[in-house]
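Chemist: This is the structure alone, sequence omitted:
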Ligand code: UD1
Ligand code: CA
């Protein structure tokens with residue numbers, strides 16, 4: 001479904017000073033994904049014809065981050081939310097469809113909520129402005145929605161400008177609106193900055209529309225969807241909301257979380273059915289887990305794939321392009337990076353496996369290290385099917401171990417080992433009968449003197 005009659009404006013020109021960051025506020029991540037990209041992903045299901053992001057003087061960061069996913073327009077100076085929409089006139093003047101106004105720092109909106117807003121916009125009395133309202137536990141400094149007895153929206157009063165009676169109103173402005181593009185810029189021409197903040201408030205568009213005899217309406221959302229993020233503290237609160245939703249979704253999809261609150265997901269984490277995740281596991285971006293996988297406690301993953309029936313952890317670290325095959329086992333204190341671990345292979349303890357292919361059913365002993373980096377370049381380690389690598393082996397890449405080969409414990413392998421061969425590089429064991437007893441006797445005699 002494509003909406004040739006829908007344009008979206010995302011306001012992001014505010015300074016975001018409370019984040020105390022050199023990173024633009026809307027680029028701070030939630031669930032490993034910049035806030036702004038959460039919005040862009042949600043919008044992709046609405047397929048708007050135009051997406052315009054209004055930024056301040058710091059536009060480069062936003063431009064670099066969104067690429068060609070949206071148009072960028074600069075608002076400088078920033079004279080208020082109404083002025084921010086006015087500056088899109090060059091791009092949207094003449095557009096007569098619906099215009100959705102979103103805030104870059106309100107990233108958790110669902111597509112269904114935005115659809116609902118647009119549906120109200122197209123209800124029988126054809127409201128020119130539909131505002132997304134909510135009832136926060138604490139009304140803080142939010143704008144208040146003034147409605148008449150029929151529920152029609154009459155005005156939005158900013159907290160700073162509100163009378164004590166108006167401050168008693170519990171229905172607040174999330175800031176999100178759906179507007180009739182055919183009249184929007186004409187209505188904005190009526191804005192004035194004679195208010196407590198000395199700004200051109202977008203919210204005044206409601207009373208201006210009413211004065212022209214146009215209807216305005218409210219659509220109500222849950223508080224958690226419209227939380228705004230202005231500080232690191234609010235970012236952490238939004239992250240908590242995001243994680244709670246993810247945990248719920250995964251449990252509903254057939255994932256057992258023994259201690260849900262201790263497991264952290266990314267925006268794009270994919271998990272199959274009958275997966276059990278023990279406490280204290282962190283999923284960075286780009287992780288896919290297939291069915292029937294067990295993830296034991298204290299693991300850290302990013303960019304990894306874990307296939308059906310595999311067991312990972314406790315204390316395992318899977319880095320980008322780790323591909324753990326069906327039924328494979330990755331044990332404690334094992335780090336895997338850019339490696340394919342084929343089905344049924346086992347790396348059970350204390351290993352680093354990087355830039356490698358571990359053949360099906362191979363057994364990698366405790367303390368095996370693939371020496372994949374010489375300080376300049378990375379090189380490949382290939383281990384054949386069913387090979388057995390003894391404990392404390394260093395595999396100096398590039399190197400190949402043939403299928404079914406056995407490498408003796410403590411070896412440093414620097415050249416290819418043939419299939420089914422035994423390779424050993426350890427020094428032989430020398431034994432001197434009675435030496436230890438004689439040594440002890442000699443030392444005791446010395447002390448006794
Ligand atoms: C705004 C609303 C208020 C609402 C609240 C919800 C107005 C006048 N008030 O207040 O009713 O309850 O949001 O969070 O709209 N921005 C620009 N250019 C500007 C000013 C702001 O792009 O010149 C952007 C900001 O980056 C931000 C959004 O607009 O994404 C909201 O601006 P902010 O100053 O935070 O508005 P509030 O005072 O919180
Ligand atoms: Ca705000």
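Modeler: Alright, I've got the coordinates. The structure displayed is predicted, hence computed values, not measured ones. Ligands and ions are numbered 1, 2, ... in the order given.

Chemist: got the residue ranges for the strands in the stretch 51-200 of the chain?
Modeler: Along the stretch 51-200 of the chain, counting by DSSP state E, counting those that start in this stretch, strands occupy 71-74, 98-103, 129-134, 144-147, 153-157, 172-180.

Chemist: How much space separates whichever residue of the stretch 201-350 of the chain sits closest to ligand 1 from residue 155?
Modeler: Residue of the stretch 201-350 of the chain nearest ligand 1, by C-beta to the nearest ligand atom: residue 201 (3.6 Å). C-beta: built from backbone N, CA, C; applies to glycine. Counting by C-beta to C-beta, to the nearest Å, the gap from residue 201 to residue 155 is 11 Å.

Chemist: Show me which of the two is the more surrounded one.
Modeler: Counting neighbours by other C-beta atoms under 10 Å for residue 201 and for residue 155 shows that residue 201 has the greater number, 23 against 18.

Chemist: follow-up on the earlier one: please name the nearest non-neighbouring residue to the residue of the stretch 201-350 of the chain closest to ligand 1.
Modeler: residue 82 (5.3 Å; C-beta to C-beta, 6 or more residues apart in numbering).

Chemist: So that neighbour sits against residue 188, correct?
Modeler: Yes - judged on C-beta atoms under 8 Å, residue 82 makes contact with residue 188 at a distance of 6.0 Å.

Chemist: Look up the residues that both of the two are in contact with.
Modeler: Taking C-beta atoms under 8 Å, 6 or more residues apart in numbering as the criterion, residue 82 and residue 188 both touch residue 205.

Chemist: if you compare the strands of the stretch 51-200 of the chain, which one is most tucked away?
Modeler: Comparing those by mean neighbour count (mean count of other C-beta atoms under 10 Å), strand 129-134 comes out on top with a mean of 26.

Chemist: just checking, what packs against that strand?
Modeler: Judged by 3 or more C-beta pairs under 8 Å, 6 or more residues apart in numbering; DSSP states H and E, strand 129-134 is in contact with helix 111-121, strand 153-157, strand 172-180, helix 205-211, strand 216-220.

Chemist: and the angle from the longest one to strand 98-103?
Modeler: Looking back up the chat, that one is helix 111-121. 130 degrees (axes from the mean of the first three to the mean of the last three C-alpha atoms, to 10 degrees).

Chemist: Okay, buried residues for helix 111-121 please.
Modeler: 113-114, 116-118, 120-121 (16 or more other C-beta atoms under 10 Å).

Chemist: Show me what from the chain comes close to ligand 1.
Modeler: Residues of the chain lying near ligand 1 by C-beta under 6 Å from any ligand atom: 11-14, 54, 75, 78-81, 83-84, 103-105, 142-143, 156, 158, 172-175, 201-203, 228.

Chemist: List only buried entries from these.
Modeler: Using 16+ other C-beta under 10 Å, the buried members of the residues of the chain next to ligand 1 are 11-14, 54, 75, 78-81, 83-84, 103-105, 142-143, 156, 158, 172-175, 201-203, 228.

Chemist: Filter the residues you listed down to just the ones in helices.
Modeler: Applying DSSP state H to these, the entries found in helices are 81, 83-84.

Chemist: thinking again about what came up before, out of the strands of the stretch 51-200 of the chain, flag the one nearest residue 400.
Modeler: strand 71-74 (50.3 Å; C-beta to C-beta).

Chemist: Residues in contact with that closest one: which ones?
Modeler: The contact list for strand 71-74 (C-beta under 8 Å, 6+ apart) reads 13, 50-57, 59, 62-63, 66, 87-88, 90-91.

Chemist: For residue 78, give me its contacts.
Modeler: By C-beta under 8 Å, 6+ apart, the neighbours of residue 78 are 13-15, 56, 84.
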